[in-house]
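In: Sequence and predicted structure are below.
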Amino acid sequence: MKTIKVLALVLSSLGALQAQQAEVSLKHTSDLKMETEYSSNDEELSDILNFEGIDYMKIKFSGDELKGKSYKLAVKEIWDGKVKSETIVVDSKNSGIKQFETVNDSVLRIKVISRLTADNQLKMTFRFPRFGITKKYDAIKSDNYSLRNLAAESNLDIGYNEKFYILPYEREDGSKSWCEVGTAGADVEKWGDKFGIKHYLLFEMKFE
């Protein structure tokens, strides 16, 4: 059983994301696919989300082997290049509700909503088909956090697990770039040291 690192929560100063789609196929291990759509196809709603500093991502997992599997979403909080904590966001097997314990179809859809609060916390809501959960994480004061599909942008060889958030680094001239970070390869836990990134969150999804 492999762990797939797919999504990252990122700081990016490249401007607000419009509705975009990306698809990732798990290599060598199964037919599992992960598709993501950023923001909204509704132009007016997209404008409001951007104005309010709200990140909105729709994620679709699909595959014949997905039905009947449980799932676990974990997060690593990385500060100054060091993993400071690793916690479970949701573990379907321990939900306490039988019908929520496993995926009941060959498709699992998740919506992720995130914004920076006035007290410098990242407030994130994860909407699953039949329930939702909201978490808050300490952050730095910045309007540049951004949800990213890490697997697609870094072309990671994935197998059954996913990730969510990172922070772009500042160059010597003070500018920031997500693209060079997002395409930097699989050693994502060391990006803080490599790019001088102060803070980012990495989310992993595991199907069992």
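Out: Cool, got the structure.
In: would you list every one of the helices in the protein?
Out: 43-52, 150-154, 179-182, 191-195 (DSSP state H).
In: The first one: which residues count as buried?
Out: Neighbour-count burial for helix 43-52 flags 46, 49-50 (criterion: 16 or more other C-beta atoms under 10 Å). All C-beta spots, glycine's among them, are computed from the backbone N, C-alpha and C.
In: Export these to a markdown table and append columns for pLDDT and distance to T87.
Out: Formatted as a markdown table, these follow (pLDDT from 0 to 100; distance: C-beta to C-beta, whole Å):
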| residue | pLDDT | distance to T87 |
| --- | --- | --- |
| S46 | 90 | 31 |
| L49 | 90 | 27 |
| N50 | 87 | 30 |
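In: before we move on, the earlier item: rank the helices of the chain by pLDDT, which is bottom?
Out: Lowest mean pLDDT within the helices of the chain: helix 179-182, at a mean of 61.
In: And I78, what's its pLDDT?
Out: Looking at I78, its pLDDT is 86.
In: Please look at it and K198 and confirm they touch.
Out: No: in this structure, I78 is not within contact of K198 by C-beta atoms under 8 Å, at 9.4 Å.
In: neighbour count winner among the two?
Out: Shown here are I78 and K198; by other C-beta atoms under 10 Å, I78 has more neighbours (26 against 16).
In: do you know how far that one is from R115?
Out: 20 Å (C-beta to C-beta, to the nearest Å).
In: Ok, E189 next?
Out: Using C-beta to C-beta, E189 is found at 25 Å from R115.
In: Now do the strands in the protein.
Out: Along the chain, the stretches classed as strands by DSSP state E are 4-11, 21-25, 33-38, 55-62, 71-79, 82-91, 107-116, 121-127, 132-138, 145-149, 165-166, 169-170, 176-177, 199-207.
In: winner for burial among those?
Out: strand 165-166 (a mean of 32; mean count of other C-beta atoms under 10 Å).
In: Kindly state the beta-bridge partners for the residue lying closest to V75 once chain neighbours are set aside.
Out: In this structure, V75 finds its nearest non-sequential neighbour in F203, 5.1 Å apart by C-beta to C-beta, 6 or more residues apart in numbering. Under DSSP bridges, the beta-bridge partners of F203 are L7, V75.
In: Pretty sure F203 sits against A74.
Out: Yes: F203 lies in contact with A74 (C-beta under 8 Å); the separation is 7.1 Å.
In: any common contacting residues for those two?
Out: Residues touching both F203 and A74 (C-beta atoms under 8 Å, 6 or more residues apart in numbering) are V89.
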